[in-house]
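*Asks:* let's see this in three dimensions:
(2 chains)
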Amino acid sequence: MDSTVYTKIYEAPPIDKKEILRYAGVRGDAPELEDILASCIAETSGRLTYKVCYRELQISVSDEVLDLGFCRTSSSGLKKNLNGCSSIILFAATVGIEIDRLIARYSAISPTKALMLQAIGAERIESLCNLFNIEISEQKKAEGYSTRPRFSAGYGDFSIEAQKEIFAALDCSRKIGLSLNQSLLMSPSKSVTAIIGISKDGRICDVAEKCEACDKRNCEYRRA
Amino acid sequence: MKITEYIKNNTLYLDGGMGTLLQKQGLKAGELPERWNISKPEVVTEIHRDYYNAGSNVVNTNTFGANSLKFSAKELGAIVKAAIDNARRASEESSGEQPRWVALDIGPTGRMLKPYGDLDFEDAVSVFAETVRLGVKYGADLIFIETMNDSYETKAALLAAKENSELPVFVSNAYGEDGKLMTGADAAAMTAMLEGMGADAIGVNCSLGPKALFGVVEQYLKCASVPVILKPNAGLPKAVNGNTVYDVLADDFAADVAEMVKKGVRAIGGCCGTTPEYISATVNKTKNIAPKPIEKKNITCVSSYTHAVTFGNSPILIGERINPTGKKRFKEALKAHDIDYILKEGIAQQEKGVHILDVNVGLPEIDETQMLKTAICELQAIIDLPLQIDTSNAVAMETALRRYNGKAMINSVNGKQESMDAVFPLAKKYGGLVVALTLDEKGIPEKAEQRLEIAERILAEAQRYGIDKKDIIFDPLALTISADSTAAKETMRAVGLIRHKLGCHTSLGVSNVSFGLPSRDIINGAFFALTLGQGLSAAIMNPYSDEMMKAYFAYRALAGLDDNCAEYIKFSETLPQTAPVSASVVSRGEVKDEYASELQRAVVKGLKEQAAVLTENMLRDVPPLRIVQEEIIPALNTVGVGFENKTVYLPQLLMSAEAAKSAFEVIKTNMSGNKASDKCAFIIATVKGDIHDIGKNIVKLLLENYGFAVTDLGRDVPPEVIAEEAVKLHAEIVGLSALMTTTVPAMEDTIKLLRKKAPWCKIIVGGAVLTQEYSDAIGADKYAKDAMEAVRYAEEINNSLK
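*Replies:* Below is the predicted model of the structure:
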């Protein structure tokens, strides 16, 4: 198997204002927030980078243990997600450190803007992941494979500790400037690592996605 | 021959990729390549030997990640020894006839430095120092710091190399396609910092293929007075039939690199994807190109973590407002350790258009060294302007210079021997542009010629330390014309003499000239314009002064520095709008029935400026406490209830809180000492290991609005610090925030310690991962799901104390 870690740099994905407002805690219409949102979006313009690094790994299951090619886990959530898959795309994505600086800057002068920028960062990194996911899905579909919803360390019973192995396997620091802190937080903070399962059967699988896959029913951010 | 001598007259050939070749030999994903120095020395030695045979003068040891964060002291020692032995053996076995050196390779730690990561700057220095000392011990010929994508970490590594060895140090950074490091620095900024600290060669490696790095390399060639390094990747990796290939082949690679050698690059090699074949092709392609002489660039500049600011024809504005002298509110902020106040001062000046910020936090009552260090670190975390470190305390100066992420402006030295003895060694070690005052043991001479003489003496002394003339900028001192009517004339003459006769740049604290006079701004602005005409390069000034800014923009337009007068026109358009929001405009605004007053409406609607103006107006007739009790708090309650009923969302709640805060600020400045409230003390912190603080800041803002005396300990705060502060302040309530499941244990530790040391205090917890169950499990008194709930609880506790 190809052991190379590939890097991709994207143009800014289209901005989803509704999603930003959702991350900022808005649950309905709030036209009076238009101006402040627009000014915060303008502040981030040109300052974010959209980088992804990834590699493909063969996986296998034996004795209830899932071997992901870079680490082993018995997470039942991940096993369910990857059921029927023979390989995975392991990826890390980041929108860079500047959003962290902007958030810190506005924390000192305007908590409202800090909150908005935080929400923008969350939307930006999710949009980047979506873009990458769609690209991988299409590529794999053309090769006769189908893909599963992305799954990250820390989802359900897939331990966040796996971040250490993910970082070692992707050389994130060198490839996209992403590093892991001792408390397993990532720097830059607006970053994601995840696994995308790839299966040979083309049929659509019934794996729940995003909020629907999560057990935390009372979460404030849960999609309706 | 020493490598630093050899490179003066020769193109120096470096080696190529190591990681890709080790992978081909079977290195597995996640396996640490440094261990192969011991387990497979023959493989590593052979790769080195192939590079020497291909023509490399320098081979980097296989120690990219050899540091104490990844290996135990014992293993690290063995790895570095084996790595150097392998390279040395390869050199001895090589058939090449070129001079050969072994470089100790040092790559990034893989951890991000504070504040955006969790590795402390000094810890990073220690980590690198350990590897450097081993490299020296086992006989490396030079140190090669490479692939650094953060300027701050680069500084830590170079400092460690300089403090622990006498070896030559090469420094090479990894730039993105935007020509910047991951953390923002461009080549000019890196050159300023690295040359200032004494790197022997600097440049670029990894990330991209040679062509894509041309822009960055050209910027290096324009700025650098030391040899420039180019060590690109063989383009980008692609999968072809299950194999990885890089998209720039050896011959194309060599041709591209040769282009850059012609332009002046002096040390060349390859990075990821390159092999001995690439080096050999490059040697063949470039061996007949005569090395271009390396010229001194004589650029007078300072830098931040993003960019350099160069002193030349266009005047540089240095904001003077971060300075407690004569500022009561600033002094209070310093005593209260109110860093946000300093940050706001910095941001506001940046928005006014200054290029550099002067930072002076000296007060007799505070620990200046500690405060200066904190101020520098906090400012450079969020403001990308270079800083001018302003202190007469040499210990504080060194502490600040050490932590500064760039090449700082050093304010100041003067002609007194004692001053030069203290400042010049620091400038030499850390780099920096030194502001030199033309005074000496005898004071400030009256005549311009005498000030020039002092300047010459200062230059001579600086040269003894090896500090270049370009790194000294003179302040010929403005004295007040109310005491001596010729004072301004002499200062202007001194500026001219230093600029034109001595050939050095000048900077001036302009406003002294008007001391003792009415309407000082008028004099200051005129003096600034006149002095710029004499060749003044920079001014320490108040950017809120319209007269100063007018002089600045007018001068640039008149001196042909402002194309189409575009910036002047832009500036002139801002002038009428600089007046504060007019009260009359606001007060004629219609008040809808639902609001009891305009102020309440402004707070509910989150209109910051209006709230401040309305409060100012109201204070003429209404006592401050009544405004708080009858206007602000009811308005906040309206919004708070709306939030709880989900008709008001979090951003709107915050906008109202900010508006209320701006009203409180007005009241505070008008209350002369009386406390607006006597509510209980509240300590708030994000727990150890966690660096998220948006939620914590929201809670803090609301609590302050409701009159609580909030002490914010920041983020990543150890349990001991929180407990200590709780005891010291006898705080009734402590609020703890955590974002991640991995930091909840730190929260539990904090609670345990607080129960022991401050058993009286109530503990309230919150943060993304927390739930009522978590909160109960770790023994908190209260879980608040949002900021309003925290406020309600705090009010409850406060009332129960009465």
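
*Asks:* show me where the stretch 251-400 of chain B has strands.
*Replies:* B:267-268, B:301-303, B:308-310, B:316-322, B:356-359, B:387-390 (DSSP state E, counting those that start in this stretch).

*Asks:* so where's the chain shaky on pLDDT?
*Replies:* Just so you know, I chose chain A. For chain A, the stretches with pLDDT under 70 are A:1-2, A:202-224.

*Asks:* I was after chain B.
*Replies:* Those would be B:576-594, B:672-677, if you go by pLDDT under 70 across chain B.

*Asks:* mind splitting it into its structural domains?
*Replies:* B:3-286, B:583-670, B:681-801 (automatic domain parsing).

*Asks:* can you tell me if the second one touches chain A.
*Replies:* Yes - Domain B:583-670 is in contact with chain A by CB under 8 Å from any CB of the partner chain, via B:605-606, B:646, B:649-652, B:654-655, B:657-658. The C-beta positions use only the backbone N, C-alpha and C, and glycine is treated the same way.

*Asks:* and the furthest pair within those?
*Replies:* For the residues of domain B:583-670 next to chain A, the farthest-apart pair by CB to CB is B:Lys646 and B:Glu658; their separation is 20.8 Å.

*Asks:* more neighbours, these two?
*Replies:* B:Glu658 (22 against 9; other CB atoms under 10 Å in any protein chain shown).

*Asks:* what are the ranges of the helices in chain A?
*Replies:* Using DSSP state H, the helices of chain A run over A:17-23, A:34-44, A:76-82, A:98-109, A:111-142, A:162-170, A:172-176.

*Asks:* most tightly packed of the strands of the stretch 251-400 of chain B?
*Replies:* Ranked by average neighbour count under the criterion mean count of other CB atoms under 10 Å in any protein chain shown, these are headed by strand B:301-303 at a mean of 29.

*Asks:* and the contacts of that strand?
*Replies:* For strand B:301-303, contacts defined as CB atoms under 8 Å, 6 or more residues apart in numbering or on different chains pick out B:185, B:188-190, B:192-193, B:308-311, B:356, B:386, B:388, B:406-409, B:432-433.

*Asks:* partners of that strand, with directions?
*Replies:* As defined by DSSP bridges, the strand partners of strand B:301-303 come to strand B:308-310 (antiparallel).

*Asks:* list the contacts of the partner strand.
*Replies:* Residues from elsewhere that reach strand B:308-310, judged by CB under 8 Å, 6+ apart: B:186, B:188-189, B:191-192, B:223, B:299-303, B:316, B:355-356, B:385-386, B:407.

*Asks:* is A:Lys79 in contact with A:Asp67, as I believe?
*Replies:* No - applying CB atoms under 8 Å as the test, A:Lys79 and A:Asp67 come out as separate, 11.2 Å apart.

*Asks:* setting the sequence-adjacent residues aside, check what's closest to residue 40.
*Replies:* Just going to use chain A. A:Met116 (4.3 Å; CB to CB, 6 or more residues apart in numbering or on different chains).

*Asks:* looking at chain B here, not the other one
*Replies:* B:Gln25 (7.5 Å).

*Asks:* what about that neighbour, neighbour count?
*Replies:* 12.

*Asks:* how close does it sit to chain A?
*Replies:* 12 Å (CB to the nearest CB, to the nearest Å).

*Asks:* isn't that residue right up against B:Ser39?
*Replies:* No - using CB under 8 Å, B:Gln25 is not in contact with B:Ser39, being 11.6 Å away.

*Asks:* check contacts around the closest residue to B:Leu14 other than its chain neighbours.
*Replies:* Excluding its sequence neighbours, the residue lying closest to B:Leu14 (CB to CB, 6+ apart) is B:Gly269, at 2.7 Å. Contact analysis of B:Gly269 by CB under 8 Å, 6+ apart lists B:13-16, B:56, B:58, B:205, B:230-231, B:279, B:282.

*Asks:* could you pull up phi and psi at B:Gly269?
*Replies:* Per-residue torsions, B:Gly269: phi -170, psi -160 (degrees, to the nearest 10).

*Asks:* circling back to that earlier point, what about the residues of domain B:583-670 next to chain A, which one has the most neighbours?
*Replies:* B:Leu654 (28 neighbours).

*Asks:* identify the residue nearest that residue in space, chain neighbours excluded?
*Replies:* A:Thr112 (4.1 Å).

*Asks:* these two touch, right, the one you found and A:Asp35?
*Replies:* No - using CB under 8 Å as the test, A:Thr112 is too far from A:Asp35 to be in contact (11.3 Å).

*Asks:* overlap in contacts, the two.
*Replies:* Between them, A:Thr112 and A:Asp35 share no contacting residue, judged by CB under 8 Å, 6+ apart.

*Asks:* the more surrounded of these two?
*Replies:* Between A:Thr112 and A:Asp35, A:Thr112 has the larger neighbour count (other CB under 10 Å), namely 26 against 9.

*Asks:* what's the overlap in contacts for A:Lys79 and A:Asp67?
*Replies:* With CB under 8 Å, 6+ apart, A:Lys79 and A:Asp67 have common neighbours A:Val61.

*Asks:* so what's the residue of the stretch 151-300 of chain B found nearest chain A up against?
*Replies:* Closest residue of the stretch 151-300 of chain B to chain A, CB to the nearest CB: B:Met182 (3.3 Å). Neighbour list for B:Met182: A:96-97, A:177, B:149-150, B:174, B:176 [criterion: CB under 8 Å, 6+ apart].

*Asks:* what's the answer for B:Glu704, then?
*Replies:* Here B:Glu704 is in contact with B:661, B:664, B:710 (criterion: CB under 8 Å, 6+ apart).

*Asks:* between these, which is nearest B:Arg620?
*Replies:* B:Phe664 (17.5 Å).

*Asks:* and the residue nearest the centre of chain A, how far is that from chain B?
*Replies:* Closest residue to the average C-alpha location of chain A: A:Val192 at 3.7 Å, with CA atoms, centre = their mean. Distance, A:Val192 to chain B, by CB to the nearest CB: 14 Å.

*Asks:* do I have it right that that residue meets A:Ala92?
*Replies:* Yes - A:Val192 is in contact with A:Ala92 according to CB under 8 Å; the separation is 7.2 Å.

*Asks:* now do the residue nearest to A:Lys8 when sequence neighbours are not counted against chain B, distance only.
*Replies:* Nearest residue to A:Lys8 in three dimensions, chain neighbours excluded: A:Val52, at 4.7 Å (CB to CB, 6+ apart). To chain B, A:Val52 is 13 Å away according to CB to the nearest CB.

*Asks:* contacting residues around A:Val52?
*Replies:* So A:Val52 contacts A:7-10, A:91-93, A:128, A:132, A:176 (CB under 8 Å, 6+ apart).
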